[in-house]
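Asks: dropping a prediction and its sequence here:
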Amino acid sequence: MADLDPQIKELLEGANFISVATLMGDGAPHATCVWAAMEHGRPCFFTQPSTLKARNIDADPRVAITVIDRDNPYRSGQLRGTITETVEGDAALEIIDRMARKYTGADFPLRSGVVYLVDVSSSFLTELPFADTPG
């Protein structure tokens, strides 16, 4: 497992959204936007076990993740890794509720989900010298 860039760890600890790319059976990428956190020193996210993302991970645990700074969308972290551990049941709900409170201020209303922990193989931060224009 590679060391995670400390600035990417900081982004994952904040209420920043991530895009998780998994691999379909035919090798095509599938990407979705989800919440993230750090758990046991590793990036993590969760999903329901019936989702395409979960089925893809069951077949091939490799993932690519991009985390984008909500305050500066020109600052992002990219990482690649492998799902090597899952958390289910009450232990998963504790993690999921912590994530939900970080993003929404309330516990997650659905009382199910699987948490996926990522062993990072590479990570790097990109910060471009741009500023957003008011929308």
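Replies: Sure thing, it's come through.
Asks: surely Gln7 is in a helix?
Replies: Yes - residue state for Gln7 (DSSP: H, G, I helix; E, B strand; the rest coil) corresponds to a helix.
Asks: can you tell me the helix or strand for the nearest residue to Ile68 once chain neighbours are set aside?
Replies: Excluding the flanking residues, the one nearest Ile68 by C-beta to C-beta, 6 or more residues apart in numbering is Ser76, at 4.7 Å. To be clear about C-beta, it is placed using only N, CA and C from the backbone, and glycine gets the same treatment. According to DSSP states H and E, Ser76 maps onto strand 75-87.
Asks: CA atoms only for that strand, dumped as PDB, please.
Replies: Output of strand 75-87 as PDB, limited to C-alpha atoms (Å, rounded to 0.1, in the frame of the first residue of the first chain):
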ATOM      1  CA  ARG A  75      -7.700  21.500  -6.600                       C
ATOM      2  CA  SER A  76      -8.200  17.800  -6.800                       C
ATOM      3  CA  GLY A  77      -6.700  14.500  -5.700                       C
ATOM      4  CA  GLN A  78      -6.400  11.400  -7.900                       C
ATOM      5  CA  LEU A  79      -5.800   8.000  -6.500                       C
ATOM      6  CA  ARG A  80      -5.800   4.400  -7.600                       C
ATOM      7  CA  GLY A  81      -6.200   1.400  -5.500                       C
ATOM      8  CA  THR A  82      -7.900  -1.800  -4.600                       C
ATOM      9  CA  ILE A  83     -10.800  -2.600  -2.400                       C
ATOM     10  CA  THR A  84      -9.400  -5.000   0.200                       C
ATOM     11  CA  GLU A  85     -11.900  -4.800   3.000                       C
ATOM     12  CA  THR A  86     -15.600  -4.200   3.400                       C
ATOM     13  CA  VAL A  87     -17.600  -3.300   6.500                       C
END
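Asks: so which elements touch that strand?
Replies: Applying 3 or more C-beta pairs under 8 Å, 6 or more residues apart in numbering; DSSP states H and E, we find strand 75-87 packed against helix 6-13, strand 42-47, strand 62-68, strand 114-127.
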